[in-house]
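Undergrad: Sequence and predicted structure are below.
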Amino acid sequence: MKPKSKYEKIQHTVSNLRQPAYRYTQIMDAIFKQKIGEFDQMTMIPKVLREALIKELGNNVLSVQPVIEKTSNQVSKILFAVSGTERVEAVRLSYKRGWESYCISSQCGCGFGCSFCATGTIGLKRNLTADEITDQLLYFHLNGHPLDSVSFMGMGEALANPNLFDALHILTNPKLFGLSHRRITVSTIGILPGMPRLKEEFPQVNLTFSLHSPFDDQRSQLMPINRHFPLQDVLTALDDHIRHTGRKVYIAYIMLRGVNDSPEHAQAVAELLRGRGAREHLYHVNLIPYNTTDETPESYRQSDRENMNRFVKILKSKGIHVTVRTQFGSDINAACGQLYGSK
């Protein structure tokens, strides 16, 4: 079977050279504990093994290369070069309580064309490999940043990329990144075929569903995926996810002024989430301020504070758990819906 990641290739190289098994552990310790990012610097392993690894993988442990970094208040955005001529972006958020969170990409571009999202205007170039996904985080780790939590909310639709699951295995492997399942969030616009597998293989990973309108016709206009995977079908799958995992499901809702922020929208969101059974309290709405970009329609604007507060009040009055998400990085196009992969 063809190796799915560089870690399997390293294991095969150790085995093929008839090196003792502990050499693999030494290499993983070099990467994840000593933060050594080049094989020729791993002097704790024999030269013949170092040379074999360089021949197989190149000298650099990373398969993605940083091109440019932009920083703002509490935010750092990295543009990475991946194989070929493609570019992807990842974002590091530094919270004042000392928490470091990361938003990483799963695809080069995105093929689903949500009308309010800059990434969607690119179209899908290709899926990222498991290494390209996880190496976005490895870059930050090698540069001394703690990996406290990660969300698949960067470029692309995570559940449309089958390599996501290999990436999740790498991230949660205690011998590699060793991330807690509960510190990982997968966001989806409602790709039904991927949801059962996530539920079965990673029931403790957080799931976020991008709703953005409770009305089918409008949601289909904003998010064409709704024509393929209708909202009610997705909600049924989310109910099943909650029953199986006992975990919260987060409902992401971008607030667009005069488009989806009316009292009628708030009432309809509440109606969608009420009456869904004994565990309906595990639905939690995250309201997200919209961020303008040069690539998305000028008619889309951020909801004003009055509309936002009214929306929150209506949801709370109906017993819906709701949070208004704090936004960082909009000034460097690093916030939700702004990633474009451009210099």
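TA: Happy to help now that I have it.
Undergrad: What pairs with the helix-or-strand element of the chain with minimal mean pLDDT, parallel or antiparallel?
TA: Least confident helix or strand, the chain: strand 65-72 with a mean of 90, by mean pLDDT, DSSP states H and E. Sheet pairing here is set by DSSP bridges, and for strand 65-72 it gives strand 75-81 (antiparallel).
Undergrad: quick revisit: would you mark the buried spots in the least confident helix or strand of the chain?
TA: By neighbour count on 16 or more other CB atoms under 10 Å, the buried set for strand 65-72 is K70. For glycine as for every other residue, the C-beta is placed from the backbone atoms N, C-alpha and C.
Undergrad: residues in contact with the closest residue to L124 other than its chain neighbours?
TA: Nearest residue to L124 in three dimensions, chain neighbours excluded: G111, at 3.2 Å (CB to CB, 6 or more residues apart in numbering). By CB atoms under 8 Å, 6 or more residues apart in numbering, the residues touching G111 are G123, L124, E157, A160.
Undergrad: with the residues you listed in mind, which one is nearest to Q19?
TA: Taking CB to CB as the measure, Q19 lies nearest A160 of the contacts of G111, at 38.6 Å.
Undergrad: Quick check, the closest one in contact with L128.
TA: No - look at A160 against L128 with CB atoms under 8 Å: they stay out of range, at 11.3 Å.
Undergrad: Not including adjacent chain positions, what is the nearest residue to C103?
TA: Excluding the flanking residues, the one nearest C103 by CB to CB, 6+ apart is V91, at 4.3 Å.
Undergrad: So what pairs up with that neighbour in the strands?
TA: Here V91 shows beta-bridge partners K77, C103, assigned using DSSP bridges.
Undergrad: And it, what's its pLDDT?
TA: Note for V91: predicted pLDDT of 94.
Undergrad: a strand runs through V285, doesn't it?
TA: Yes - with DSSP: H, G, I helix; E, B strand; the rest coil as the criterion, V285 is located in a strand.
Undergrad: Centroid-nearest residue for this protein?
TA: By CA atoms, centre = their mean, the mean C-alpha position of the chain lies nearest to F152, the distance being 0.7 Å.
Undergrad: so that one bridges to which residues?
TA: Beta bridges link F152 to V186 when assigned by DSSP bridges.
Undergrad: Pull the contacting residues for it.
TA: With CB under 8 Å, 6+ apart, F152 has these contacts: I104, S106, A158, L164, I184, T185, V186, S187.
Undergrad: make it 7 Å
TA: Neighbour list for F152: I104, S106, A158, T185, V186, S187 [criterion: CB atoms under 7 Å, 6 or more residues apart in numbering].
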